[in-house]
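> Need coordinates for the following:
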Amino acid sequence: MADGAGGWRLGLVGLGSMGSAMLRGWLRRGADALPFVLPVTVCEADQARLGAFELACPGVVAATSSPAAVARDVDVVIVAVKPHDVAAVLAGMASELTPDKTVVSIAAGVRMEDMREAMGTGAALFRVMPNQAVSVGQGVISLAGESAARGERLAGLERMLALLGYVEVLPESQFNAVTALAGSAPAFLALVMQGLEDGGVRVGMPRATARSMVRQTVLGTAALMVEEELTSRELADRVTSPGGTTIAGLAVLEDCAVRGAMLRAVEAADERSRR
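Numbers count the residues shown, from 1 in each chain. Next up is the predicted model:
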């Protein structure tokens, strides 16, 4: 699957929330920036969902009848179905998964060992764990591959996924932690943002204004930390002056054990992922 003139062929089994988010993220880059050619071959059982995507993004996907048909026609297959459906999908594609093909699963909690058993020998196998921000090119994506699937294929996938955000190559043993942190944290942060927005309303700010300010503050804070390579502690110290407003608010957050609650939330999500 080396990049080259004309690119290679991409297939997608499942066009649900994450599969469609990845496609939208790639499309934001423009067709000329993609290492694969359009259209993407897609198998999606929900015809209404498929039709809605085709209407929103004409010419991007070409529907086919089965996972096996996807595997037959492409170089790289992304399996984006529910975890309990992965084994059946892989077994159905097995006869088409020749050694020159690559399979990428984004299913949480399904180990490569179990996937290999379902699909048999043949295609190179990888796991990817993205979060929803891939749709706007700001995702966090973890990538793992079987030892035999490293080298140029791993490098090619890393380049493709980098178009969707930050990519980290990790051992599969860390994927439950990735699911808990990068996968679940957007919901945790959204809850914090909701509280800040409500706080703005509580002290007299119009809801729309509070919402806009909270969103931009979160964006600006993350950008500042990345740009200046600040730790969260360093950023907090920078905006906290003696006897000021920030330390007064931080004291309340510490009294309410907000940091401990966030820690436990990630821990609980990790435990759930393992189970």
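> Grab the nearest non-local neighbour of residue 178.
Of all residues not flanking residue 178 in the chain, residue 142 sits nearest, at 4.4 Å (Cβ to Cβ, 6 or more residues apart in numbering). C-beta here means a position set from N, CA and C on the backbone, and glycine is covered the same way.
> Sheet partners, orientation included, of the helix or strand containing the one you found?
When elements are defined using DSSP states H and E, residue 142 is found to belong to strand 139-145. Sheet pairing of strand 139-145 (DSSP bridges) gives strand 124-129 (antiparallel), strand 165-169 (parallel).
> Can you pull out the residues in contact with it?
In this structure, residues lying in contact with strand 139-145 by Cβ atoms under 8 Å, 6 or more residues apart in numbering are 25, 112, 124-134, 153-154, 157-158, 161, 164-172, 174-175, 178, 182.
> From the residues you listed, keep the buried residues only.
Under a neighbour-count criterion of 16 or more other Cβ atoms under 10 Å, the subset of those counted as buried comprises 25, 112, 124-134, 153-154, 157, 161, 164-165, 167, 172, 175, 178, 182.
> about what we covered before: what's the closest of the strands paired with strand 139-145 to residue 224?
Ranking the strands paired with strand 139-145 by their distance to residue 224 (criterion: Cβ to Cβ) puts strand 165-169 first, at 16.5 Å.
> Using PDB, write out every CA atom in the closest one.
Output for strand 165-169, consisting of C-alpha atoms alone and laid out as PDB, is shown next (Å, rounded to 0.1, in the frame of the first residue of the first chain):
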ATOM      1  CA  GLY A 165      -4.900  14.500  13.500                       C
ATOM      2  CA  TYR A 166      -2.300  13.300  15.900                       C
ATOM      3  CA  VAL A 167      -1.200   9.700  15.500                       C
ATOM      4  CA  GLU A 168       0.700   7.600  18.100                       C
ATOM      5  CA  VAL A 169       2.000   4.100  17.300                       C
END
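> downstream neighbour of that strand in the secondary structure list?
Later in the chain than strand 165-169, the nearest helix or strand by DSSP H and E is helix 175-178.
> and after that following helix, which helix or strand comes next?
Of the helices and strands lying after helix 175-178 in sequence (DSSP H and E), the nearest is helix 185-202.
> when you compare where that following helix runs with where strand 139-145 runs, what's the angle?
For helix 185-202 against strand 139-145, the angle by axes from the mean of the first three to the mean of the last three Cα atoms, to 10 degrees is 170 degrees.
> What residues sit buried inside helix 185-202?
The neighbour-count check on helix 185-202 (16+ other Cβ under 10 Å) flags 185, 188, 196-197, 200 as buried.
> Serialize these to JSON lines and add fields for pLDDT.
JSON lines is the format used below for those (pLDDT from 0 to 100):
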{"residue": "185", "pLDDT": "90"}
{"residue": "188", "pLDDT": "95"}
{"residue": "196", "pLDDT": "97"}
{"residue": "197", "pLDDT": "98"}
{"residue": "200", "pLDDT": "97"}
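> Tell me which two in the residues you listed are the farthest apart.
Put simply, by Cβ to Cβ the two of the buried residues of helix 185-202 set farthest apart are 185 and 200, 22.3 Å from each other.
> Report the separation between the residue nearest in space to the middle of the chain and residue 8.
In the chain, the centroid-proximal residue (Cα atoms, centre = their mean) is residue 130; its distance is 1.8 Å. For residue 130, the distance to residue 8 equals 20 Å [Cβ to Cβ, to the nearest Å].
> and what of residue 100?
The value you get for residue 100 to residue 8, if Cβ to Cβ is used, is 10 Å.
> Can you pull the residues that touch both of the two?
Taking Cβ under 8 Å, 6+ apart as the contact criterion, the common neighbours of residue 100 and residue 8 are residue 75.
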